[in-house]
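Trainee: Prediction below, plus the sequence it came from.
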Amino acid sequence: MSHPPAPIVCIGGLNVDRKLKLLSTALAGSSNPCEAHETPGGVVRNVAENLARLGLPVALIAVVGDDAGGQMLMAQAAQVGMATEAVIRLRRHASDSYTAVLAPDGSLHLGLASMPLVERLNPWALAASRALRAGAALVVADGNLPTDAWPLLLAEARDSGIPLVGVAVSEAKMERLPEQLGGLHLLILNACELATVAAEPDEALARLHARGVGCVLVSQGAQGLLLSEPGQPPRHWAAPAVPVVDVTGAGDALSAGVCAALLRDPTDFDAAARLGLDLAALTLQTEDSVHPDLTPDFLLNR
């Protein structure tokens, strides 16, 4: 597979992920022993790391603080090969974070998202990286972005013809997408996020296309993928059967695989779905959010 020298520009969440796993049932109002684990996180950051490990040129547009967490995020990004010149660094600010308090069985007991810095990615802040986006082969934006960032990115996509891929992050943040989505080449989301558009999947897909989305890719977990293009019946791909170690990061790996395939042919959504499923299956087999042994060899013969 050959790839253009232009970068994939990834815009959105860059945060510290903290997992605190309780060693016994939580006692309210008391100190509870736990195991702690800290890693780089953020949907678009995870997508970018997958792409960088595949040997693809990746540039990140995000915001970090000057705290220890921000230093860790920047160092790790450089280590795996992400370009970070467009990352905004704010002095005297704590970097965004997501803390998951897990029950002893690994289920989520409490999730705490502190992500004020990503809200700084407004049109004024994004203006500084306009030239970077104008030279991109592909632009990927996640649903953490503030509402007023989307009209700018959509207008740039319409004017430049550079494919813009949107990656949803949660049901709650689906409302950040504007009503008019003309210019969005592809929207990747899961079944729950799709249900925020309309209760019936077919109606939800029709509404998204009516709003201007070119293609919609719906992750259905173990049931595979559903892909919808305007004027065509949805197509389905089954997920590969693999032993599941941890589901964390599989959705971001799916998005990265899709984006990697779109570099070769932005219109071949079938190839994109297959590569996305393959990369997600690989990630399901590790405890890490991004498979640590992922290399450019993964793209060979695909």
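Mentor: Cool, got the structure. Residues are numbered from 1 along each chain as shown.
Trainee: Please read off the pLDDT at Glu287 from the model.
Mentor: The model reports Glu287 with a pLDDT of 60.
Trainee: who's in contact with Pro240?
Mentor: Applying C-beta atoms under 8 Å, 6 or more residues apart in numbering to Pro240 gives the contacts 277-278, 281. For glycine as for every other residue, the C-beta is placed from the backbone atoms N, C-alpha and C.
Trainee: just these now: which is nearest Asp297?
Mentor: Asp278 (12.8 Å; C-beta to C-beta).
Trainee: Helix, strand, or coil at the closest residue to the closest one other than its chain neighbours?
Mentor: Closest residue to Asp278 apart from its sequence neighbours, by C-beta to C-beta, 6 or more residues apart in numbering: Gly257 at 6.3 Å. With DSSP: H, G, I helix; E, B strand; the rest coil as the basis, Gly257 sits in helix.
Trainee: For the contacts of Pro240, please prepare a markdown table with the additional fields pLDDT.
Mentor: Below are those laid out as a markdown table (pLDDT from 0 to 100):
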| residue | pLDDT |
| --- | --- |
| Leu277 | 78 |
| Asp278 | 80 |
| Ala281 | 76 |
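Trainee: Would you mind listing the buried residues in stretch 10-23?
Mentor: Of the residues in stretch 10-23, 10-22 count as buried by neighbour count, 16 or more other C-beta atoms under 10 Å.
Trainee: Serialize these to JSON lines and add fields for pLDDT, distance to Asp105 and secondary structure.
Mentor: Listed next are those as JSON lines, based on pLDDT from 0 to 100; distance: C-beta to C-beta, whole Å; DSSP: H, G, I helix; E, B strand; the rest coil:
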{"residue": "Cys10", "pLDDT": "97", "distance to Asp105": "34", "secondary structure": "strand"}
{"residue": "Ile11", "pLDDT": "97", "distance to Asp105": "36", "secondary structure": "strand"}
{"residue": "Gly12", "pLDDT": "96", "distance to Asp105": "31", "secondary structure": "coil"}
{"residue": "Gly13", "pLDDT": "91", "distance to Asp105": "27", "secondary structure": "coil"}
{"residue": "Leu14", "pLDDT": "93", "distance to Asp105": "30", "secondary structure": "coil"}
{"residue": "Asn15", "pLDDT": "92", "distance to Asp105": "25", "secondary structure": "strand"}
{"residue": "Val16", "pLDDT": "91", "distance to Asp105": "24", "secondary structure": "strand"}
{"residue": "Asp17", "pLDDT": "85", "distance to Asp105": "20", "secondary structure": "strand"}
{"residue": "Arg18", "pLDDT": "86", "distance to Asp105": "19", "secondary structure": "strand"}
{"residue": "Lys19", "pLDDT": "82", "distance to Asp105": "14", "secondary structure": "strand"}
{"residue": "Leu20", "pLDDT": "86", "distance to Asp105": "14", "secondary structure": "strand"}
{"residue": "Lys21", "pLDDT": "85", "distance to Asp105": "10", "secondary structure": "strand"}
{"residue": "Leu22", "pLDDT": "90", "distance to Asp105": "10", "secondary structure": "strand"}
